[in-house]
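Novice: missing the sequence, but the structure's below:
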């Protein structure tokens, strides 16, 4: 479904990622792990259309997306939960969620999507009319995930969804990710909590210093001692 | 450094003051006077507005206050012209400080509201002057006021007065930029709340900068009143003064004391070159066009961009810092009185928009311990840190830290008691280098170190947190992990006795968490007491002596980590499943 072929993205002169390739099959759940500064966020942002790709190809169902304007990525069915939440702080929780389902196809199912998000994160239902900026850090993370779900994406990109969430909520979020994936949505997950990510992913990539250092099924990767040590302890 | 600069100023002053004695035509002396005049206005405006980011559109009001002070005293009270100038400065400064004393107390009057308010003040002042005996309508004529013969001719006298004031203004602007006041103002520019929490007395600093800025504009007004010799409300309080001043500063570069002077010289020269010829209208269009081009291609201004290019070259030539050469970080505070109460909160409450974030929290922190603060999202953990550090005021309750009630103190005073905090989402000063970010709390914290020492201290903490190689980078060039450690270094640089950490471990890999745990242990070993909010349970279990669990703004459990984490309430409300 998604094919990333040898892409390169740079900030200034230094490439942040180079020669990175990965594939996601329809309905597959893949994860990217790696140390901070390896380029994970750059990679996921490039797939979401937020960075210009200098070399290589980004294909969705065989069509090249690398020349597509940023806003059109949403129309292709790609949604992202970005690092740092990036909410509309002055708008209410409800307005943030509704903006997630801005596209016509998603708008038709807005009520149903909203209900599902509120079931997943009950605290958001209590706070629907409150400005998003007044939520606590963890609640804002829930809202960011909820907003992406409202778009009814075919491919969901998650950049550190567990960041700042209480352990119980992390478990709930991962349950939701599994559930969404079981419903046929392909997921690419960037996550520091490698133990959890590798538990639910079908395929994993290890990104180190801007390059793919290893890839395979999680159980294949976990037998390599240096990966175990770096990411699981 | 300062002596060399002073010599440079003196040399420039001597050379330029010799100009009138070469028999320059009066036209050029008047033109150069106008250049000096605009330099004073632009550079003085920049002291508040460029440094601290409080864009004032009211510079015309203070300039006008000076003009009318001189005009009134010289024509109605017979005060000699030169003696009216200190009065012009005082009136304008007092007016600015009175306005600032009201406006700077209201946090919502930042940004565009401040700009509009200062513009409105200009028109209010114009109306008052026009409809009272100060002016009354016809304007004031100064042609009968005797002009002291400082230079060989009247135009050279204005030239010399303008030159002296321009040099004085530039010197003041330079000294302020290099002083603690300047550092504080630049921090206010980037994030005023954080500056306050790190110990910058933001209210006083803004007021001081505003007073100096207005006073200098007042003197410029006093001289200008004599120069044009006919003062009217319509000409004085027009929108032209603030607009030109803003334009000149932006064009020249408002992050450096000299930038606005470059802009003022360029704009005055351009305007004169065109208005003096038949192309007056085309000239204005050209000035507009140049402004557009500069904004597009030199966003930091002509001078700002030049300085940056120079800096970059200098930085690449600077030797890399070797962390191994650095001594171990200095002790934060000697660990005396271990186990005694360091901080005690009683009945803390805080509500936002009807949500009770804290509902009567009682908390005790003992000297030398590491206390973990855990709880579901939205249980009030960050609010507790925000209230203790003075970022928010509690609705009720007391916070005793070493015997003082913090709830009654302003945030910058809390910082000076030896308490530091980090932000969950890092909030570095975006336009200050990593080193300057860390040096700032050392300058404004409990020990109030001088700049050179503060920078040495900052380098130590950068080495300690592994950021030494990034000292000259801007925070925007760091990744999330590095920005979190920058927060930590900034909190440590004030050598706090109590450190409040808000989720420093989130987003780190397993191996990185190990490093961070070692770092926190090392900090404690130096005698600091640490309270940390965290969801990474492994770090909580490995580091804490005691934990407190919050839920819905109340303490639901506290005590030994292992015991607390297995309480059924805590498992249900927070963990989801028992901690292994």
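Specialist: Yep, that arrived. Model, not experiment: these values are computed from the prediction.

Novice: In contact with the residue of the stretch 401-550 of chain B found nearest chain A, which residues?
Specialist: At 3.3 Å from chain A, residue B:481 is the closest residue in the stretch 401-550 of chain B, using Cβ to the nearest Cβ. All C-beta atoms are positioned from the backbone trio N, CA, C, and that covers glycine. By Cβ atoms under 8 Å, 6 or more residues apart in numbering or on different chains, the contact list for residue B:481 reads A:36-37, B:507-508, B:512.

Novice: swap in residue B:440?
Specialist: Per Cβ under 8 Å, 6+ apart, neighbours of residue B:440: B:183, B:187, B:195, B:198, B:200, B:429, B:432, B:454, B:490, B:493.

Novice: redo that, cut-off 6 Å
Specialist: B:187, B:198 (Cβ atoms under 6 Å, 6 or more residues apart in numbering or on different chains).

Novice: you'd agree it is in a strand?
Specialist: No: going by DSSP: H, G, I helix; E, B strand; the rest coil, the assignment for residue B:440 is helix, not a strand.

Novice: In three-state terms, label residue A:102 for me.
Specialist: coil.

Novice: where does it fall, phi/psi-wise?
Specialist: Backbone torsions of residue A:102, given as degrees, to the nearest 10, read phi -70, psi -40.

Novice: Roughly how far does it sit from residue A:150?
Specialist: From residue A:102 across to residue A:150, the span is 9 Å (Cβ to Cβ, to the nearest Å).

Novice: In terms of neighbours, single out the busier of these two.
Specialist: Between residue A:102 and residue A:150, residue A:150 has the larger neighbour count (other Cβ atoms under 10 Å in any protein chain shown), namely 25 against 14.

Novice: sorry, back to before: now whatever helix or strand the residue of the stretch 401-550 of chain B closest to chain A lives in: buried residues?
Specialist: Element membership of residue B:481, judged by DSSP states H and E, is helix B:480-492. For helix B:480-492, burial by neighbour count (16 or more other Cβ atoms under 10 Å in any protein chain shown) applies to B:480-492.

Novice: pLDDT and distance to residue B:31 for those - can I get that in TSV?
Specialist: Listed next are the buried residues of helix B:480-492 as TSV, based on pLDDT from 0 to 100; distance: Cβ to Cβ, whole Å:
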residue	pLDDT	distance to residue B:31
B:480	81	54
B:481	83	56
B:482	89	52
B:483	90	50
B:484	89	55
B:485	91	54
B:486	94	49
B:487	93	52
B:488	93	55
B:489	94	51
B:490	94	49
B:491	93	53
B:492	92	55
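
Novice: And those, which is closest to residue B:89?
Specialist: The shortest approach to residue B:89 among the buried residues of helix B:480-492 belongs to residue B:490, at 37.9 Å (Cβ to Cβ).

Novice: Quick check: chain neighbours aside, which residue is closest to that closest one?
Specialist: In this structure, residue B:490 finds its nearest non-sequential neighbour in residue B:438, 5.2 Å apart by Cβ to Cβ, 6 or more residues apart in numbering or on different chains.

Novice: Now for that neighbour, how many residues are close by?
Specialist: Applying other Cβ under 10 Å, I find that residue B:438 has 31 neighbouring residues.

Novice: quick one on the thing from earlier: give me the residues contacting the next helix or strand after the helix holding residue B:481.
Specialist: Next in sequence after helix B:480-492, counting helices and strands by DSSP H and E, comes strand B:498-502. Strand B:498-502 has contacts (Cβ under 6 Å, 6+ apart) with B:382, B:385, B:419-422, B:424, B:491, B:528-533.

Novice: Could you check which residue of chain A lies nearest chain B?
Specialist: For chain A, Cβ to the nearest Cβ, closest residue to chain B: residue A:138, 2.6 Å.
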